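Visitor: coords please:
(one chain, ligands or ions: 1)
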Amino acid sequence: MTQSIDTMTVRDAIYGRCSVRAYAPEQKIDQLTLSTLLAAAVRAPTAMHGEPWQFVILQDADVLKRLSDRAKELFSAEAKRLHHDRSSLDIFSQPGFNVFYDAGTLVVICAKTAGHFALADCWLAAENLMLAAYAMGLGTCVIGSAASALNMPDVKHELGIPPETTAVAPIIVGKPRGEALPSARNEPQVLAWR
Ligand SMILES: Cc1cc2nc3c(=O)[nH]c(=O)nc-3n(C[C@H](O)[C@H](O)[C@H](O)COP(=O)(O)O)c2cc1C
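Guide: Residues are numbered from 1 along each chain as shown. Below you'll find the model as predicted:
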């Protein structure tokens with residue numbers, strides 16, 4: 001049972017949230033919980049009240065596995081082209097590696113317009129969703145490595161994403177297995193304070 005969104009201070013949510021990469025097996029997020037997360041997502045600020053976001057929710061294990069395989073292939077090819085450190089890409093060639101860390105739910109925040117700030121709006125919605133999930137005892141992680149696969153024309157067609165819509169922020173959600181701890185940050189660099 002997912003806990004209520006109302007149990008945590010903003011401070012605890014912001015400072016406690018971290019990417020979760022291990023999930024309890026066979027845990028699908030229920031409809032009410034997902035509705036709560038999406039409702040929090042769409043409270044994000046949005047340029048000129050554009051609300052460009054649309055959502056795809058994937059919970060079918062076969063669909064997620066096929067998408068993960070496609071993402072591994074595309075992401076490692078792209079990363080090699082961009083000369084990323086090859087050792088960090090080794091994991092993408094491991095047959096057992098799932099880019100979604102076997103989470104039961106993937107929420108993809110999509111932008112239905114190519115407006116100037118549509119991507120910013122979607123990422124703001126993403127953070128709202130992740131903080132709300134954390135407050136409800138759920139883990140999340142942005143899976144940027146799946147974005148290219150989600151934007152392939154055949155994948156968009158299969159998932160019902162219109163051609164003019166862009167998949168922006170893929171976020172896994174699930175019940176964490178074990179404890180994940182927040183990682184350190186550098187001090188904010190203030191460039192000007194006049
Ligand atoms: C745009 C974006 C793309 C990301 N893509 C991935 C990814 O493909 N796989 C992954 O495991 N984590 C991914 N992450 C999570 C980051 O690695 C993580 O946020 C960062 O290391 C900071 O850790 P924290 O989220 O625990 O604070 C992504 C995060 C962002 C913001």
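Visitor: tell me the mean pLDDT over stretch 21-36?
Guide: Stretch 21-36 shows a mean pLDDT of 93.
Visitor: what's in contact with it?
Guide: If you take C-beta atoms under 8 Å, 6 or more residues apart in numbering as the criterion, stretch 21-36 is touched by 2, 5, 37, 57, 59, 101-105, 107, 132, 136, 138-139, 141, 172-178, 180. Just so you know, the C-beta spots here come from the backbone N, C-alpha and C atoms, and that holds for glycine as well.
Visitor: hmm, which of these are the buried ones?
Guide: Listed as buried from those are 2, 5, 37, 101-105, 107, 132, 136, 138-139, 141, 172-177, 180; burial here means 16 or more other C-beta atoms under 10 Å.
Visitor: the ligand next: which of these are close?
Guide: Cys141 (C-beta under 6 Å from any ligand atom).
Visitor: which of the buried ones among the contacts of stretch 21-36 fall in helices?
Guide: Under the assignment DSSP state H, the buried ones among the contacts of stretch 21-36 contribute Leu37, Ala132 to helices.
Visitor: quick one: secondary structure of Gln54?
Guide: Here Gln54 is recorded as strand under DSSP: H, G, I helix; E, B strand; the rest coil.
Visitor: how near is the spatially most central residue of the chain to Leu82?
Guide: In the chain, the residue lying closest to the centroid (C-alpha atoms, centre = their mean) is Ile171, at 1.6 Å. Ile171 is 23 Å from Leu82, where distance means C-beta to C-beta, to the nearest Å.
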